[in-house]
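Engineer: Please work out how this folds:
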Amino acid sequence: MEQTGPFPTTPLIRTSNGWLNGFIGVLIFSGSLPATRLAVLDFSPLWLTVTRATLAGLLALCVLLMFRQRRPAREQLIPLVVVALGVVVGFPLLTALALQHVTSAHSIVFLGLLPMATAVFGVLRGGERPRPAFWLFSTLGSALVVGFALAQGVAAAPLGDLLMLGAVIVCGLGYAEGARLSRSLGGWQVISWALVLSLPFMGIATWLLMPASFTQVHAAGWWSLGYVSVFSMFVGFVFWYRGLAQGGIAAVGQLQLLQPFFGLALAATLLGEQVSPGMLAVTVGVIGCVVGARRFAR
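Structural biologist: Model (predicted):
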């Protein structure tokens, strides 16, 4: 079809827009763990989890009504529940619990496993047959993370490390299920409907678990709650899924590998946490393994 406008949208421009939107999404996600680290200083991890989901769910409901989106089909409800359990409830709760035991800089190293976890669940759910090199890179990446945790000493924070590993697993499952569902339901609509499905339960839990007083909450706690509710839980997904749609899932999805670097920089800048050379080395090694694993995934 001939373009009639003065500035036609070429495939190159569309791809560039996809990279830009994906980059913005990754930047937004990179601030999630440092913000959560600040928020759990003033709020309990459980109340923080249900409240951020409630606020994001209300925002998602408004957007769905505004754009008059069709309701999901019956066969799409179970996958949406899986997405909700993975990225709306599981990952936020487990990371909030983990950040009571470890620093955000330490936890961000585990995010290097998230693309690999997503790829593994994508392989399992999609029935693909990756080459042996894929499993080699996957195993090596996992060994690097486990080795790093053990090197800190068993008494350092084993519970925090286990919680972060659990968070990566459930989030990878939620991402993979959401990616499959987005083919029929749409990208940002998946996270929106997952939030809306969770809204009744999260809203009731927010009310029941509400602290008796907020007088001891600092301004940083409120700002952090707002960030993880609006940006990490909803806005980031809007940019992320738009970028995947415009620039291609395989290409733009690689931007997620930059998230640990951005997160470490934010943890050092905003929270004054120490980022050791060992953390950087492990992060680089894990990212290299994830790149290799995704390369041989198909």
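
Engineer: can we go C-alpha only for contacts and neighbour counts from here?
Structural biologist: Will do.

Engineer: Could I get the full set of helices for the stretch 1-150 of the chain?
Structural biologist: 11-30, 32-39, 45-66, 77-83, 91-98, 104-110, 114-126, 132-151 (DSSP state H, counting those that start in this stretch).

Engineer: Report the mean confidence score over the last one.
Structural biologist: I take that to be helix 132-151. The pLDDT scores in helix 132-151 average 82.

Engineer: Pipe the helices of the stretch 1-150 of the chain into JSON lines and attach mean neighbour count and distance to Leu173 per row.
Structural biologist: Converted to JSON lines, these look like this (neighbours: other C-alpha atoms under 10 Å; distance: least, C-alpha to C-alpha, whole Å):
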{"stretch": "helix 11-30", "mean neighbour count": "20", "distance to Leu173": "17"}
{"stretch": "helix 32-39", "mean neighbour count": "25", "distance to Leu173": "19"}
{"stretch": "helix 45-66", "mean neighbour count": "21", "distance to Leu173": "18"}
{"stretch": "helix 77-83", "mean neighbour count": "19", "distance to Leu173": "8"}
{"stretch": "helix 91-98", "mean neighbour count": "25", "distance to Leu173": "10"}
{"stretch": "helix 104-110", "mean neighbour count": "25", "distance to Leu173": "16"}
{"stretch": "helix 114-126", "mean neighbour count": "20", "distance to Leu173": "6"}
{"stretch": "helix 132-151", "mean neighbour count": "17", "distance to Leu173": "16"}
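
Engineer: So for Ala179, which of the ones you listed sits nearest?
Structural biologist: Across the helices of the stretch 1-150 of the chain, Ala179 has its closest neighbour in helix 114-126 (8.6 Å, C-alpha to C-alpha).

Engineer: Leu266 is nearest to which of the helices of the stretch 1-150 of the chain?
Structural biologist: Nearest of those (C-alpha to C-alpha): helix 32-39, 7.0 Å.

Engineer: Centre of the chain to the closest one, how far?
Structural biologist: Taking C-alpha atoms, centre = their mean, to the nearest Å, one finds the center of helix 32-39 at 13 Å from the center of the full chain.

Engineer: quick one on the thing from earlier: wait, which of the helices of the stretch 1-150 of the chain is closest to Phe234?
Structural biologist: Minimum separation from Phe234 across the helices of the stretch 1-150 of the chain (C-alpha to C-alpha) falls at helix 45-66, 6.0 Å.

Engineer: just checking, what packs against the closest one?
Structural biologist: helix 91-98, helix 187-208, helix 219-226 (3 or more C-alpha pairs under 8 Å, 6 or more residues apart in numbering; DSSP states H and E).

Engineer: Next one: the closest residue to Gly221 other than its chain neighbours relative to Leu197, how far apart?
Structural biologist: Distances taken as C-alpha to C-alpha, 6 or more residues apart in numbering put Ala39 closest to Gly221, at 4.7 Å, once the chain neighbours are dropped. Separation of Ala39 from Leu197 (C-alpha to C-alpha, to the nearest Å): 25 Å.
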